[in-house]
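Asks: after the sequence you'll find the predicted model.
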Amino acid sequence: EVQLVESGGGLVQAGASLRLSCAFSGITFDDYAIGWFRQAPGSEREEVSCISSSDGTTYYAEYVKGRFTISSDNAKNTVYLQMNSLKPEDTAVYYCAVSVTDGVTPDEYDYWGQGTQVTVSS
């Protein structure tokens with residue numbers, strides 16, 4: 001059974017940094033992607049960033065490029081999202097998820113964690 005557990009969210013001021021962690025287990029697929037997504041109140045879930053297990057290729061949404069960095073530690077079965085220069089519009093619940101098709105958009109992802117709240121005050 002695939003399990004994902006996010007941690008690292010919190011309340012910070014604009015301009016601050018946070019690092020989210022996604023600890024995963026039970027993945028038996030040869031190739032997959034792990035992505036970070038977010039959902040603000042009243043908004044649809046949107047992609048933030050993802051990383052491919054096969055070659056480490058990364059993707060970033062335009063609204064986080066240059067500020068967020070995704071990385072993986074295979075020894076710890078953990079994917080991180082380093083978030084710098086946070087803005088109030090980054091406020092959302094952040095989820096990590098697994099795609100068996102190396103996808104980018106939320107509907108291409110098959111397994112989801114419970115999410116962690118990130119709140120950025122102005």
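Replies: Sure, I can see it.
Asks: what score does the most centrally placed residue in the chain have for pLDDT?
Replies: Geometric centre of the chain, nearest residue: residue 36, 2.0 Å, by CA atoms, centre = their mean. Residue 36 is assigned 98 on the pLDDT scale.
Asks: contact partners for it?
Replies: 20, 22, 47, 48, 49, 50, 70, 79, 81, 94, 95, 96 (CB atoms under 8 Å, 6 or more residues apart in numbering). No exception for glycine: its C-beta is placed from N, CA and C like everyone else's.
Asks: does the third one belong to a helix, a strand or coil?
Replies: Under DSSP: H, G, I helix; E, B strand; the rest coil, residue 47 falls in the strand class.
Asks: am I right that it is in contact with residue 104?
Replies: Yes: using CB atoms under 8 Å, residue 47 is in contact with residue 104, at 5.8 Å.
Asks: checking my notes, the residue nearest to the centre of the chain in a strand, right?
Replies: Yes: checked against three-state DSSP, residue 36 lies within a strand.
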